[in-house]
Structures are given as structure tokens and as C-alpha cells.
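*Asks:* what's the 3D shape of this:
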Amino acid sequence: GKLSFPLCGQSACTDLSESGNHPGQDGPGADRRAVGGDLSVGRILSADGPDVLAQAHGLRPAPRRHPVRGADRGPLINSLLEQEYPAELYDIYVIPNNCTDNTALAARQFGAEVLECTVPVRSKGEVLRFAEEQLSGRHYDAFCVFDADNVVDRCFLKEMNNAYRAGARAAQGYRDSKNPYDSAISGCYSIYYWMMDRFHNQGKAGLGLSAMINGTGFMVAASTLKKLGGWRTETISEDLEMTAQCVLADVQVAWVPLAVTYDEQPLTYRESVKQRRRWSSGTIQVARQYLPRTGRQMTAAPRGALLDIGMTMLIPAYQLVAVVNTLAAAAAAGLSGRPFTFAAGAFCGAILLNVGLTAVFATLSGALVLTVERKWDRRLWKSLLVYWLFLLSWLPITIGSFFKQTTVWEEIRHTRNVLPEPVLARKW
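*Replies:* Below you'll find the predicted structure:
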């Protein structure tokens, strides 16, 4: 089998890889055997503008590809070309969409194929749907998806191949940060994703539950897409929606911590608000579409994964209720019939108590994840000290999303063409 990787040209880059099946497995590629028994992978990468997809065809040797320096997507494509995985077992495609740069040209110079996006697209999910439809007849085993600003650890494909051969038909890798020290905001994002890796996905894996597909650095088998009727996400939060679809179809999303992707984080609070507003809006959209079905399946045949995804979809509602509850408690303290000064003090005290507890818990949690993930660095002190404020600022974003939702993918500008320090040390 072979893997195919698509690279997309939206505001983030997506890499999708697909491969053929092994003897004894289901699917259209069941009669094909990959070299050494490995699956074949295709990669799709999406950036602001063109999308890129890498794909492998049968047992035909892929064209010889060499790392190219200086191109717009160089660090990502170089990291994909230098995988510890047979080069003949995966291909790379670029899917240009809404492009304003030379991504398609650079992709061709790298030896990748380019799929011109011939339909209007408003979201990353629509780009992936287009790519999947174009590649659906090429008998890949699996697709791996990355963002264009990523750098991929050279063992990524090998680890996803191991997960696939162990039975995983959807999997999420470890999402690390490429620029945690650039600003306090990028550091807060980094701490947040390290928490998602350690406490969310690894915790779920320990309980036998599905991991959360997290936008980049994940794998979906061709057989899973066939079971789901293709890539059919419709909301602005395609990763959460795909997770929900997998859970409802009884496909467990495996956690593969050794398949590492380095992601670039926003540098400014303005960009952060834009991105988190999209996330909150997407979660609300997914909840409206999938909570009723989740509830019906939970009633008919209760499963831990159904309960887990249902609670995840309700996170914006939890946040709204928490704010209302805090304000109600403060108002009750202030309206206790005592003098105004006492009532005002009680009201402010209740608010400050909740904020203080949030600050302490968030800071201690951040320190814990920095410890267990071995990410301590003096350059992260500022981010750790304001991490609680980063989380608290999510509340007005979420509440605002209940009244005015983002329905179109907005560009999150990435300007740091840098490699993560661990990758620099490897000297690509």
C-alpha cells in the first residue's frame, strides 16, 4: 500500500496521507502488498493559497525527490521528504485554493503534484473534501493531514504506519510547538497544546477512549472515509466534526504520541481572538448537528466514547453556565439586605474569589505540564504567569459566539519561517 499527503492553500496547511491495504485486510487495495509490508501514504498540506497533497501509486516507484531550500513551504516539505519511511510508498500533492503566493510553483519544484481546486471553498473541510474526492480512486491505505506552517518529525510516517498495522483506522499524533518563545501568546498556545497532548489525548487513551482529532498531524484510513461516505464535514471546526463522525461510526481515534508535528502558533492577541472565536463557533455548530444523534445512540447502546464526545461538544455551554453561575452567586451576595458597601464588597469578593481560583489552578496545571513534558525554559515564565488570563479570555469569546458565530474560515497570518529547536538540532 501507499500513503498520500495533501497540502492545502487555506490559512493553514493540511497534509493528508493515504495508503493501500495489506493482505487479509479489507478495502480496494487488499490484493496489493507494500514493500516490507508497510502501508502507503499520501500527504495533503494546506497554506494561505495552494494546498499540497502527496500520494503514492501502486508499486510504481515515485520520482526521485530531493530537499529544496528557500521555497515558501520549504521546512515542511523538506521534513516530509526526509521521512524514515520508503519514499516509493507515499506521494505529495498540492491543492491550490485562494492563493496569493507561489505555493503551487514551489510544490512543483519539489516534485509534488498539484491538484487545482476548481470549486469555491470557504473552509479547510471543503478543501479536504475536494482533495479526497480527487484521490478516492487511487487505492491508498490512509491519509495524513498537516498545516502548511508545520514541520514534521522524520519518524512521523513510521509511527503512523505502526499504528495502522496495529489496527488503528484514525489516529492523532503529538502536536508540539514550533515557536513557543516568540511571544507570551505563542507560549500560552504551546502550554495549551502540551496540556491537550498529555492530559486530554493521553488521558483518554489510558481510559480506552478516542483521542481528539486536532486539526493537523492526524491520519484517517481510506476505509474509514469510505465508511463515513467520504470527507463530509460541513462546519468551521472540521477536526471536532470528524472526531464526532468517527465516534458515531464506532471508529476509535488512536493516540500516537511518537508521531510528532511542530505547529506554528499565533503571536498576537488579535490573531488569537480570531482563531479561538472560530474554534468556539465551530464547537457550537458541531454540537447542534451531532448532539441529538449522540444522545440517541447513547440511549440505545451506551458507550464511554459517546459520553466523552458529547461532553466535549458541550464545553461552550459549560463555560456559559459557569459565567452565569458566578454572576448569580455574586449578585446573591450583593443583594443580601446588608448595607450597600457590604453588598458591593461581597459582589466583588465573589468575582475575585472565582478569578483567583482560576488563576491558581491554571498556573499550577501549566507548571505541571511543563514538568511532565520536560518543557521548562526560562523564556516561558511570562507565558506561564499569564496563562490563566489566556484561558479566562476564552469566556467572552465563547459567549459572543453564541450570539454571532464565525461561519467562514478567516486567515490566521503566519510569518515565522522558523524551525523548532529540536528540529534545528537534527540539521534537516
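*Asks:* who does the helix or strand harbouring residue 225 touch, helix- and strand-wise?
*Replies:* Residue 225 is part of helix 222-227, with elements assigned from DSSP states H and E. Packed against helix 222-227 by the contact rule (3 or more C-beta pairs under 8 Å, 6 or more residues apart in numbering; DSSP states H and E) you find strand 142-147. Yep, even glycine has a C-beta here, placed from its N, CA and C like the rest.
*Asks:* then the strand it packs on to PDB, C-alphas only?
*Replies:* Extracted C-alpha coordinates of strand 142-147, given in PDB (Å, rounded to 0.1, in the frame of the first residue of the first chain):
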ATOM      1  CA  ALA A 142      -4.600   6.200   4.700                       C
ATOM      2  CA  PHE A 143      -4.400  10.000   4.600                       C
ATOM      3  CA  CYS A 144      -2.300  12.200   6.900                       C
ATOM      4  CA  VAL A 145      -3.200  15.900   7.200                       C
ATOM      5  CA  PHE A 146      -0.800  18.800   8.100                       C
ATOM      6  CA  ASP A 147      -0.900  22.500   8.100                       C
END
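*Asks:* What pairs with that strand, parallel or antiparallel?
*Replies:* Strand 142-147 sits in its sheet next to strand 41-46 (parallel), strand 218-221 (antiparallel), going by DSSP bridges.
*Asks:* mean pLDDT lowest for which of the ones you listed?
*Replies:* The minimum mean pLDDT among the strands paired with strand 142-147 belongs to strand 41-46 (a mean of 51).
*Asks:* which residues of this structure score low on pLDDT?
*Replies:* For the chain, the stretches with pLDDT under 70 are 1-74, 98-101, 111, 330, 333-340, 343, 407-428.
*Asks:* The longest strand belonging to it packs against which elements?
*Replies:* When the chain is parsed with DSSP state E, its longest strand is strand 254-263. Contacts defined by 3+ C-beta pairs under 8 Å, 6+ apart place strand 254-263 against strand 151-152, helix 156-165, strand 170-177, helix 202-206.
*Asks:* Can you tell me which of the ones you listed is nearest to residue 131?
*Replies:* strand 170-177 (16.9 Å; C-beta to C-beta).
*Asks:* Could you check how far the closest one is from the centre of its chain?
*Replies:* Relative to the centre of its chain, strand 170-177 is centred 7 Å away, using C-alpha atoms, centre = their mean, to the nearest Å.
*Asks:* Other residues contacting the following helix or strand past that strand?
*Replies:* Next along the chain after strand 170-177, taking DSSP H and E as the criterion, comes helix 184-195. Under the criterion C-beta atoms under 8 Å, 6 or more residues apart in numbering, residues 175-177, 179-181, 214, 263, 265-269, 271-272, 365-366, 369-370, 373, 375, 379-380, 382-384, 386-387, 390-391 lie in contact with helix 184-195.
*Asks:* Identify each buried residue in the helix holding residue 225, please.
*Replies:* By neighbour count with 16 or more other C-beta atoms under 10 Å, helix 222-227 contains the buried residues 222, 223, 224, 225.
*Asks:* what's the answer for stretch 289-303, then?
*Replies:* Buried residues in stretch 289-303, defined by neighbour count with 16+ other C-beta under 10 Å: 289, 290, 291, 294, 297.
*Asks:* do the same with stretch 391-398
*Replies:* The neighbour-count check on stretch 391-398 (16+ other C-beta under 10 Å) flags 391, 393, 394, 395, 397, 398 as buried.
*Asks:* Among those, which ones are in helices?
*Replies:* Counted as lying in helices by DSSP state H, out of the buried residues of stretch 391-398, are 391, 394, 395, 397, 398.
*Asks:* Contact partners for the residue nearest to residue 307 when sequence neighbours are not counted?
*Replies:* Using C-beta to C-beta, 6 or more residues apart in numbering and skipping the chain neighbours, the partner closest in space to residue 307 is residue 298 (6.5 Å). Residue 298 sits next to 306, 307, 310 when contact means C-beta under 8 Å, 6+ apart.
*Asks:* ok, the spatially closest residue to the last one that is not a sequence neighbour to residue 312 distance?
*Replies:* When the adjacent residues along the chain are set aside, residue 310 lies closest to residue 294, with 4.7 Å between them (C-beta to C-beta, 6+ apart). For residue 294, the distance to residue 312 (C-beta to C-beta, to the nearest Å) stands at 10 Å.
*Asks:* can you check residue 192 too?
*Replies:* From residue 192 to residue 312 the distance is 15 Å (C-beta to C-beta).
*Asks:* go on, residue 212?
*Replies:* For residue 212, the distance to residue 312 (C-beta to C-beta) stands at 7 Å.
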